[in-house]
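> Predicted model follows, preceded by the sequence.
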Amino acid sequence: MGVPPETSVHKTLSPTLNQGKTTSMREPSECQKTPCSKSEVFAGCSFSELGLNPALCNQLQERMGFETPTRIQAQSIPTIISGRHVLVNAATGTGKTIAYLAPIIHSLITYDPKVKRSDGTLALVLVPTRELCMQVYEILQKLLHRFHWIVPGYIMGGENRSKEKARLRKGISILVATPGRLLDHLKHTASFLHNNLRWIIFDEADMILELGFGKEIEEILNILGSRQPEFVGSDDLHMGPSVDQYPKQNLLLSATLNDKVNHLAKISLENPVMIGLEDKKNKTCSDSSITRFGDSNIDGIVNIKVPATLLGSSLEQEYTLPSQLVQRYVKVSGGSRLVVLLSILKSLFEREVSQKVVVFFSTCDAVDFHYSLMNEFRWSSESELSLSSEEQIKKQKFIKCKIFRLHGSMEQEGRRMSFQGFSSEKSALLLCTDVASRGLDFPKVKYIIQYDSPGDATEYVHRVGRTARLGEKGEALLFLQPVELDYLQELLKHGVPLKEFPLHQTLNKFVSHGIKHHNKKLLTPDTHPWVSTLQRALESFISTEPKMKQLAKDTFWSWVRAYTAHRGELKRIFMVKKLHLGHVAKSFALKEQPSLVGKSFQLQVKKRKRDERQNKKHPLKKRKRDTRK
Ligand SMILES: Nc1ncnc2c1ncn2[C@@H]1O[C@H](COP(=O)(O)OP(=O)(O)OP(=O)(O)O)[C@@H](O)[C@H]1O
């Protein structure tokens, strides 16, 4: 294998580890701004000015249609080419994937002699979810179209291990992987060659750790010999490759950072450059200096001492959200939630011919229930009671659009089809859990609805980040019950202010036949005739469909269970005892609250106890919401 051309840059680096030191790399005034329109997302330079190989620049332009780099790409690409370890913290949808893939491909293209499959894996991209794994792999395939000798590949949970083994045996130059499956192959696939590994990239680094993969990551770093020496225990020393043939470079990227990333940064990054951190954090760094785009003179970058925590506490982190994103909340009591959700969705899909909406739920059951309900519930604008049989036939789907679902309990093939189907549709609705909240780049999503509130502000940021990407417009709506309104203060602590959604405007659009005129302004969602009419229709539908009724009951139980799973400060806001469970039942179109003493509920309780026992063993995997990735 050829000698990497950038190694000379490394000679200027201190050969010793520089733990606790980072470098701030900022383009004057440009990276100070929140991305708020296309002109502020993109940099004022070309890909070739960043020093990228001309053939790769062509590929970016012709195959991908990318004329200009984004600001985060303009900052990251030259720094990564220079060989420095990097930590990138930038808003959702700002092009972080190309920011790390382009410089790695650039470096691999320039290897002389050329990279061969027998060199094994040279770059490893770690991602938290299977969908993100597929997405990064697909981008890689496009980028590498002209560079057939550099082979992309992926390994992830849910796939066939033997087929993966065969692919690894042949050799994969750039490998995208989920942590569990990667560790499995590192331990059990002898033909997986990785001693030439040069790059490890943690995409959505905080999520990988949030999911409880901390131990796996440490083990992976040990096996790959990429853990920083002073953090390697004596037992681990034998695990890495005997000779570090080429300089290693690790990259961490995420739109949000947390305390656990501090630890990962410490054990995996050597003297890193920090890109995209907000002003506030840099102010804590006394002697930061500025490096311009394309400046690979790393002597010009001053290392800065950072406090004990590299990134500050996640409890106080201010998040950067695209400012063109319209963020609102809607206050709805439990009993009217379902009708309000369906009404908002109906009006969104009637408003625009091509509309893409994502709705987040807390549990897999909730996704399945609403998916079945929205597909099966039929409606006519006439009042239910006055319908003749002929009119019954005219009843149509309430929300007329393609509906997809995505959650962690689905079969792999179903997940793949939903992911690809929703991505390729021009107009569609996706019902999902947080499995879809990270990194997924569904084109043209205009509206995000958080029907069940997110765990914490970080999750909020990632969920809404599925819209308003790359300077595009987008709207986000958070459902809150009156007793949950303190959550707005939680968001505000992180610099996320929300305005109230004018719900009456949406509800007033719907005519409810046979109901006498009210003063519309005085109506609340709970007293609105449209809400009660639709609620009655939904309850009558559920009561006549035994399967749906059982699903509604199961969903009610698991929803209550998930509601108790909020952590820390949020426990104070989301308290089951503050909820009216009869109203919660109405939100599943049940006329009565299901018993909390029945057989099914006992099964749920047993499951919760089992989870709690597991949580004691694995404290990081605490949430009972859908955390399966
Ligand atoms: N230079 C560019 N010009 C035009 N489009 C780009 C450019 N770079 C990336 N994109 C597109 O921008 C979108 C967002 O990119 P990407 O998914 O990498 O963002 P991200 O910052 O990783 O987001 P998240 O934090 O949500 O993971 C993608 O559709 C990608 O193809």
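Sure, I can see it. Small disclaimer: the values here were computed from a predicted structure and weren't measured. Numbering: from 1, shown residues only.

> in stretch 137-144, what counts as buried?
137, 138, 139, 140, 143, 144 (16 or more other C-beta atoms under 10 Å). The C-beta positions use only the backbone N, C-alpha and C, and glycine is treated the same way.

> can you confirm the second one is in a helix?
Yes - assigned with DSSP: H, G, I helix; E, B strand; the rest coil, residue 138 falls within a helix.

> got the contact list for residue 528?
Residues near residue 528 by C-beta atoms under 8 Å, 6 or more residues apart in numbering: 504, 507.

> how close does it get to the ligand?
Computed with C-beta to the nearest ligand atom, to the nearest Å, the distance linking residue 528 and the ligand is 36 Å.

> Kindly report the same for residue 358.
In this view, residue 358 and the ligand are 13 Å apart by C-beta to the nearest ligand atom.

> Regarding that residue, what is its secondary structure?
With three-state DSSP as the basis, residue 358 sits in strand.

> what's the answer for residue 431, then?
Residue 431 ends up strand, using three-state DSSP.

> Mind listing the residues bridging to it?
residue 359, residue 405 (DSSP bridges).

> what about it, how many residues close to it?
Neighbour count for residue 431, taken as other C-beta atoms under 10 Å: 28.

> got it, and the one 5 residues further on?
Residue 436 has 29 neighbouring residues, counting by other C-beta under 10 Å.

> Next: residue 178.
Residue 178 has 26 neighbouring residues, counting by other C-beta under 10 Å.

> ok, now residue 117?
14.

> Same question for residue 556.
Taking other C-beta under 10 Å as the neighbour definition, residue 556 ends up with a count of 26.

> so what does the one helix or strand it maps to touch, helix or strand wise?
Assigned by DSSP states H and E, residue 556 belongs to helix 546-563. If contacts are counted by 3 or more C-beta pairs under 8 Å, 6 or more residues apart in numbering; DSSP states H and E, helix 546-563 sits against helix 364-376, helix 529-543, helix 581-586, helix 599-617.

> State the mean pLDDT of it.
The average pLDDT for helix 546-563 rounds to 94.

> So for the helix or strand immediately after it in the chain, what gets flagged as buried?
Sequence-wise, the next helix or strand downstream of helix 546-563 (DSSP H and E) is helix 570-573. Within helix 570-573, the residues that qualify as buried are 570, 573, counting by 16+ other C-beta under 10 Å.

> Helix 570-573 - contacts with which helices or strands?
When contacts are defined as 3+ C-beta pairs under 8 Å, 6+ apart, helix 570-573 sits against helix 487-493.

> Identify each buried residue in the helix it packs on, please.
Across helix 487-493, burial judged by 16+ other C-beta under 10 Å covers 487, 488, 490, 491.

> Of those, just say which sits nearest to the ligand.
Lowest distance from the ligand to the buried residues of helix 487-493 (C-beta to the nearest ligand atom) belongs to residue 491, with 18.2 Å.

> which residues does the closest one contact?
Counting by C-beta under 8 Å, 6+ apart, residue 491 touches 457, 460, 497, 498.

> Filter these down to the buried ones, PyMOL style.
In PyMOL, this line selects whichever of these come out buried by 16+ other C-beta under 10 Å:
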select buried, resi 457+460+498
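
> Point me to the residue of the stretch 101-250 of the chain nearest the ligand.
Proximity of the stretch 101-250 of the chain to the ligand (C-beta to the nearest ligand atom) peaks at residue 204, 6.5 Å away.

> Next, give phi and psi for that residue.
Backbone torsions of residue 204, given as degrees, to the nearest 10, read phi 60, psi 50.

> Pull the number of nearby residues for it.
Residue 204 has 24 neighbouring residues, counting by other C-beta under 10 Å.

> Report the separation between it and residue 163.
25 Å (C-beta to C-beta, to the nearest Å).

> Could you dump the buried residues of helix 487-493 into TSV and include distance to residue 557 and pLDDT?
Below are these laid out as TSV (distance: C-beta to C-beta, whole Å; pLDDT from 0 to 100):
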residue	distance to residue 557	pLDDT
487	23	96
488	28	97
490	27	93
491	29	95
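
> what does the stretch 151-300 of the chain have sitting close to the ligand?
Selection of the stretch 151-300 of the chain residues close to the ligand by C-beta under 6 Å from any ligand atom yields residue 255.

> show me where pLDDT drops low in the chain?
Scanning the chain for pLDDT under 70 picks out 1-37, 226-246, 277-316, 381-394, 511-523, 596-629.

> okay, now the domains of it?
Domain segmentation of the chain under the TED database yields 47-228+247-278, 325-380+396-509+523-606.

> Which of these has the highest mean neighbour count?
Among the domains of the chain, domain 47-228+247-278 has the highest mean neighbour count (mean count of other C-beta atoms under 10 Å), at a mean of 21.

> give the contact list for the residue most central in space within the chain.
Compute the mean C-alpha point of the chain, and by C-alpha atoms, centre = their mean the closest residue is residue 438, 0.9 Å away. By C-beta under 8 Å, 6+ apart, residue 438 lies in contact with 128, 129, 132, 204, 207, 462.

> Residue 255 now?
Taking C-beta under 8 Å, 6+ apart, we find residue 255 in contact with 89, 90, 91, 92, 96, 319, 320, 461, 462, 465.

> Output those as CSV; include the columns secondary structure and distance to the ligand.
Output for the contacts of residue 255, formatted as CSV (DSSP: H, G, I helix; E, B strand; the rest coil; distance: C-beta to the nearest ligand atom, whole Å):
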residue, secondary structure, distance to the ligand
89, strand, 10
90, coil, 6
91, coil, 7
92, coil, 4
96, helix, 3
319, coil, 11
320, coil, 11
461, helix, 9
462, helix, 7
465, coil, 5
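
> I'm done for today, thanks for sticking with me.
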